[in-house]
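A.B. asks: What shape does this take:
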Amino acid sequence: MIGKLTLGTSKNSGIPVIIQESGGPELYVEKIVDNNGYLKPGGTSVIDIPSTVNTIAQGGLTYAYCKAGSGLTGEVSDFSHIITIKNAGCDNAFRECTSLTGSPNFSSLTTIEGYGCRSMFYGCTGLTGKVDLSSLTSLSEYSLSYMFYGCTGITEVDLSSLTVINNTSCCYQAFYNCTSLETVDLSALITISANASAAQMFYGCSSLKNINLSALITISANCNHMFYNCTSLEEIDLSSLKVLTEAPYMFQNCTSLTSVDLSSLEGLVSGGTNNGTYYMFSGCTNLVDVKLDSLTSLSLNGDQFIGGFSETGITTNPFKNLTVLPGANQLFANSSIVNGTFPKLSYIVGSTSVNFNNMFYNCHNLKELNFPAVRRMFYAGTISSTFVYNCDNSDFTEINFPTLTVVDNSAPFDNNCFSTNGNNSLTIHFRKDMQTAISSKTNYATLWGAGAIVFDLIGTITVNGETYEREGSCNKDGYYAWHKNTSSITAANGKTYTRSNKSVGYFTTTNPSLSKYYGVMFFWDCSADSTRIRLPSLEPAVHDMVFTNTTEQVPTLEITDVSNNIFVYTVDDAEPEVGDTVYSNTSGTVLGTISAVA
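C.D. replies: Prediction:
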């Protein structure tokens, strides 16, 4: 029921303004449009919104001045008292009004409903200064999409109260090609979710230097090209980000970006219809530091893959704590990487469409590439024919697989996988006890394209009369772990479990809480009753929880004693030799010297 109608006019425009009061003043404009729905020529001044109005109703300013071009002059209307813009309330309202001037003020606006501000100021190149959206907390689908598309004069955006971007395309291309935009405040933003909700949001904002995303915890929607070609972006705070699932091309061509802090990231799920994090940092030519120390696993959502450091300045592999890698197509292709070693990677697995194609393609600076902890490789062609193609640095001479003990029968090494197409010839080193397994692959030495395949890496060492088996990188950089062949632990069920020879197996679950354990488990066997437990850690400790079977959704059994789980350590910069020092802990306490190797 309409309580009151008041008829007014805009500034010299002759366009009637209707204010409806029904639970609160709402603004409508009686528009005079042509057959295409665009405002007919004649209105030359900007509408004056009465200060009593706090809501722009559905259809209120829809297409009111759309495509008026230079025919509409003057400063943008004062929206500072508007609290709510309803569905399509300002849809295309001032689109391509190129002579519209001033700085849009929406300082009281808290809610925009579906399509509310879509393309509202699209192409308004005369707008300048700050866009104040500092009270905005609620968005609906397409509500901010294209709102300031191509507004080349605005310099600052305040979205400091927005906590969630979670509706379909709600911010899609919202500030696309705002080439003078320098600062954006999104300091309260916690979550980006829903399909394409922030895709291309700041695409082409070439003057953008600072953006505050320090509170952002979750990116679970497609953020493709969100900061594409933001060539002035020097830093971005993502230090609180814990979950990242879809961000393809997110920072592509941010050529001034030097460092990204992702140190809180707990898991990375790559996949979906938009290729997960594919090319996330591609073209960031000055990017040299990406902090990913906390990341231990990657998961796949379908047959997609991770990629993203192509054409960057990255010199050292940032995945230093990664234990499982299910696919890494083009991960470092065309990058400046020098050291590509994965120090803690235990398990490599591919599929029909996920492998390591072009992983180090055209890495002309690559000098070192080793896999000191990889125990198992699975699926045909995982290490593809272009794995290190064109890696022609003369110092790049070898790749080591010192802990590899299980190679799936489908032959994960593809033809020419170790061909560099350069003048140097790679030597691939395996453990001595892998010769039979590797040699069973027909013409392996010729087909792999390496200069030589040799079996010269040590599998066991003897110290003080005890034999220890090679385990790989431990939880302290600079050391190599070796475990006693008779190592055992005791569980709360009173049973004793001995470390299995096949210490890494394939463990997977659909339970998201176990994503960090995807594909890697260390097995321990109880000889008394042929039972087995599984641990997600190399060096178990008292009170660690373990899995008792492959279907268990959460670990339920506690370790009560590890006194018989004996590890020793060597330095990891060279193959151990007789006479080398062995340490009883990573603090450097000397145990003795090596008396034999095998």
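A.B. asks: correct me, but residue 180 touches residue 155?
C.D. replies: Yes: here residue 180 reaches residue 155: they are 5.3 Å apart, a contact under CB atoms under 8 Å. For every residue, glycine as well, the C-beta is placed using N, CA and C.
A.B. asks: ok, residue 82 - contacts?
C.D. replies: 49, 53, 54, 55, 56, 106, 108, 109 (CB atoms under 8 Å, 6 or more residues apart in numbering).
A.B. asks: and if we set it to 10 Å?
C.D. replies: 27, 49, 53-56, 89-90, 105-110 (CB atoms under 10 Å, 6 or more residues apart in numbering).
A.B. asks: Residue 60 versus that one, what's the distance?
C.D. replies: Per CB to CB, to the nearest Å, residue 82 is found 10 Å from residue 60.
A.B. asks: Identify the contacts common to the two.
C.D. replies: 27, 49, 53, 89, 90.
A.B. asks: so who does residue 570 touch?
C.D. replies: Applying CB under 10 Å, 6+ apart, the residues contacting residue 570 are 458, 461, 463, 468, 470, 479-482, 576-577, 580-583, 594.
A.B. asks: what about residue 588, neighbour count?
C.D. replies: When counting by other CB atoms under 10 Å, one arrives at 12 neighbours for residue 588.
A.B. asks: Okay, it and residue 347: tell me how far apart.
C.D. replies: In terms of CB to CB, residue 588 sits 30 Å off from residue 347.
A.B. asks: if we can go back for a sec, pipe the contacts of residue 82 into CSV and attach neighbour count and secondary structure per row.
C.D. replies: What follows is the contacts of residue 82, written out as CSV (neighbours: other CB atoms under 10 Å; DSSP: H, G, I helix; E, B strand; the rest coil):
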residue, neighbour count, secondary structure
27, 24, strand
49, 22, coil
53, 22, coil
54, 15, coil
55, 20, strand
56, 28, strand
89, 28, coil
90, 28, coil
105, 20, strand
106, 22, coil
107, 15, coil
108, 16, coil
109, 26, coil
110, 15, coil
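A.B. asks: And those residues, which is closest to residue 282?
C.D. replies: residue 106 (34.9 Å; CB to CB).
A.B. asks: Who are the contact partners of that closest one?
C.D. replies: Residue 106 neighbours (CB under 10 Å, 6+ apart): 78-83, 85, 112, 117, 131-136, 158.
A.B. asks: do that again at 6 Å, thanks
C.D. replies: 79, 132, 133 (CB atoms under 6 Å, 6 or more residues apart in numbering).
A.B. asks: try residue 479
C.D. replies: 569, 586.
A.B. asks: same question, residue 421
C.D. replies: Per CB under 6 Å, 6+ apart, neighbours of residue 421: 389, 390.
A.B. asks: before we move on, what about residue 80?
C.D. replies: Residue 80 sits in contact with 105, 107, where contact means CB under 6 Å, 6+ apart.
A.B. asks: May I ask you to confirm that it belongs to a helix?
C.D. replies: No: using DSSP: H, G, I helix; E, B strand; the rest coil, the assignment for residue 80 is coil, not a helix.
A.B. asks: quick one, phi psi at it?
C.D. replies: Backbone geometry at residue 80, expressed as degrees, to the nearest 10, gives phi -70, psi -20.
A.B. asks: where in the protein is pLDDT low?
C.D. replies: 1-24, 28-44, 267-276, 297-307, 350-354, 379-381, 408-410, 441-443, 445, 501-520 (pLDDT under 70).
A.B. asks: domains of it?
C.D. replies: Following automatic domain parsing, one gets these domains for the chain: 1-120, 488-561.
A.B. asks: quick one: the closest residue to residue 433 other than its chain neighbours from residue 427, how far?
C.D. replies: Counting by CB to CB, 6 or more residues apart in numbering, residue 433 lies nearest to residue 459, which is 5.1 Å off, once chain neighbours are set aside. Computed as CB to CB, the residue 459 to residue 427 distance reads 18 Å.
A.B. asks: swap in residue 100?
C.D. replies: For residue 100, the distance to residue 427 - CB to CB - is 68 Å.
A.B. asks: who's more crowded, these two?
C.D. replies: Between residue 100 and residue 427, residue 100 has the larger neighbour count (other CB under 10 Å), namely 25 against 16.
A.B. asks: who does the more buried one bridge with?
C.D. replies: residue 74 (DSSP bridges).
A.B. asks: which residues touch it?
C.D. replies: 76, 94, 124, 126.
A.B. asks: cutoff 7 Å now
C.D. replies: Neighbour list for residue 100: 46, 72, 76, 94, 124, 126, 127 [criterion: CB atoms under 7 Å, 6 or more residues apart in numbering].
A.B. asks: do you know how far it is from residue 75?
C.D. replies: 8 Å.
A.B. asks: shared neighbours of these two, which are they?
C.D. replies: residue 46.
A.B. asks: ok, back up a step: verify the contact between the residue nearest to residue 433 and residue 435 for me.
C.D. replies: No: assessed by CB atoms under 7 Å, residue 459 is found out of contact with residue 435, at 11.0 Å.
A.B. asks: neighbour count winner among these two?
C.D. replies: Neighbours were counted for residue 459 and for residue 435 using other CB under 10 Å; residue 459 has more, 17 against 14.
A.B. asks: All the strands of the stretch 101-250 of the chain, residue numbers only.
C.D. replies: 111-112, 129-132, 154-158, 164-165, 183-185, 191-192, 210-212, 218-219, 235-236, 243-244 (DSSP state E, counting those that start in this stretch).
A.B. asks: again but with the stretch 301-450 of the chain, I slipped
C.D. replies: Under DSSP E, counting those that start in this stretch, the stretch 301-450 of the chain gives strands at 324-325, 347-349, 369-370, 376-378, 398-401, 406-407, 427-431.
A.B. asks: What are the contacting residues of the fifth one?
C.D. replies: The reference is to strand 398-401. 369, 370, 371, 372, 374, 418, 426, 427, 428, 429, 430, 457.
A.B. asks: so can I have a markdown table of these showing distance to residue 528?
C.D. replies: Converted to a markdown table, the contacts of strand 398-401 look like this (distance: CB to CB, whole Å):
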| residue | distance to residue 528 |
| --- | --- |
| 369 | 43 |
| 370 | 39 |
| 371 | 36 |
| 372 | 34 |
| 374 | 32 |
| 418 | 45 |
| 426 | 47 |
| 427 | 45 |
| 428 | 41 |
| 429 | 39 |
| 430 | 35 |
| 457 | 34 |
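A.B. asks: between these, which is nearest residue 329?
C.D. replies: Distances from residue 329 to the contacts of strand 398-401, taken by CB to CB, are shortest for residue 369, at 16.6 Å.
A.B. asks: The nearest residue to the closest one once chain neighbours are set aside and residue 393, how far apart?
C.D. replies: Of all residues beyond its chain neighbours, the one nearest residue 369 is residue 340 (4.4 Å), with distances taken as CB to CB, 6+ apart. Per CB to CB, residue 340 is found 11 Å from residue 393.
A.B. asks: shared neighbours of the two, which are they?
C.D. replies: residue 366.
A.B. asks: Which one's more surrounded, those two?
C.D. replies: More crowded of residue 340 and residue 393, by other CB under 10 Å: residue 340, with 26 against 16.
A.B. asks: wait, what's in contact with that one?
C.D. replies: Contacts of residue 340 by CB under 7 Å, 6+ apart are 317, 332, 360, 366, 368, 369.
A.B. asks: Spatially, which two of these are the most separated?
C.D. replies: With CB to CB as the measure, no two of the contacts of residue 340 lie farther apart than 332 and 368, at 12.7 Å.
A.B. asks: Show me which of the two is the more surrounded one.
C.D. replies: More crowded of residue 332 and residue 368, by other CB under 10 Å: residue 332, with 26 against 18.
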